[in-house]
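In: Sequence and predicted structure, then a few things I'm wondering about:
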Amino acid sequence: MENKIKVCIILGSIRNGRFGERPAKWITSELSQWKDIETDFVDLKDYPMPFFDSAQSPSMMGKKYPDKIVQKWSEKIDSADAYIIVSPEYNHGYSSVLKNALDWLGPEWSKKPVGFVSYGSAAGARAIEQLREVAIELGLVPIKKSVHMGWEFIMKSWNDKNMTDAELFAPLRKGMGPDHIADFVNELLWMAKALKYARDSSP
């Protein structure tokens with residue numbers, strides 16, 4: 001277990017009836033096919049943090065926070081080697097609860113890779129573009145590949161309650177062209193190993 005890369009899958013929506021729970025849990029399950037990955041599914045519903053209101057920047061707090069839930073969030077994020085953020089697209093952007101969760105921390109994110117899975121309008125492309133900019137500012141390293149899910153996935157999920165996750169998301173792995181999920185995970189894993197080695201080697 002010590003040699004495994006710990007990937008934290010963050011579900012970035014707390015909306016009632018959210019679709020995001022399905023792709024987030026599905027991709028967590030898919031990661032089990034990689035023997036050198038340890039998964040950790042994280043639901044922001046379990047971290048009801050206050051809106052960021054500190055006079056001090058998280059980069060100056062030394063990973064010590066006055067709010068107990070934020071401290072729990074800090075320890076969870078700090079323990080991971082890489083992240084997959086699953087986000088809806090709301091009004092050409094991503095959710096406010098996700099922005100708040102990102103903003104509360106600083107050094108916990110630093111020099112670690114992140115990949116994005118998004119769904120909704122424009123298959124979540126605009127949400128991911130905004131997330132990339134914020135991730136870079138936080139010291140994260142966004143990978144090039146991402147996973148986009150258009151409205152057809154959401155509509156199928158609503159219209160056929162008996163459809164399994166494997167059936168719903170099969171086009172991402174078995175459609176025309178390469179296996180998008182394998183390419184996505186392999187890029188994240190390569191980057192995670194390289195950055196972990198670099199972090200461990202730094203004085």
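Out: In hand now; what should we look at?

In: Tell me where this structure has strands.
Out: Along the chain, counting by DSSP state E, strands occupy 5-11, 37-43, 82-89, 113-120, 141-142, 147-149.

In: Compute the inter-axis angle for the fourth one and strand 82-89.
Out: Going back to what we said before, that points to strand 113-120. For strand 113-120 against strand 82-89, the angle by axes from the mean of the first three to the mean of the last three Cα atoms, to 10 degrees is 20 degrees.

In: who does strand 113-120 touch, helix- and strand-wise?
Out: Strand 113-120 is packed against helix 21-30, strand 82-89, helix 125-137, strand 141-142, strand 147-149, helix 151-159, helix 180-201, with contacts defined by 3 or more Cβ pairs under 8 Å, 6 or more residues apart in numbering; DSSP states H and E. All C-beta atoms are positioned from the backbone trio N, CA, C, and that covers glycine.

In: Quick one: list the elements packing against the helix or strand bottoming out on mean pLDDT in the chain.
Out: Every helix and strand of the chain was ranked by mean pLDDT, DSSP states H and E. The lowest is helix 171-174, at a mean of 86. Judged by 3+ Cβ pairs under 8 Å, 6+ apart, helix 171-174 is in contact with helix 180-201.

In: residues making contact with the helix it packs on?
Out: With contacts defined as Cβ atoms under 8 Å, 6 or more residues apart in numbering, helix 180-201 is touched by 5, 7, 27, 30-31, 34, 36-37, 81-82, 84, 111-113, 115, 141, 143-147, 172-173.
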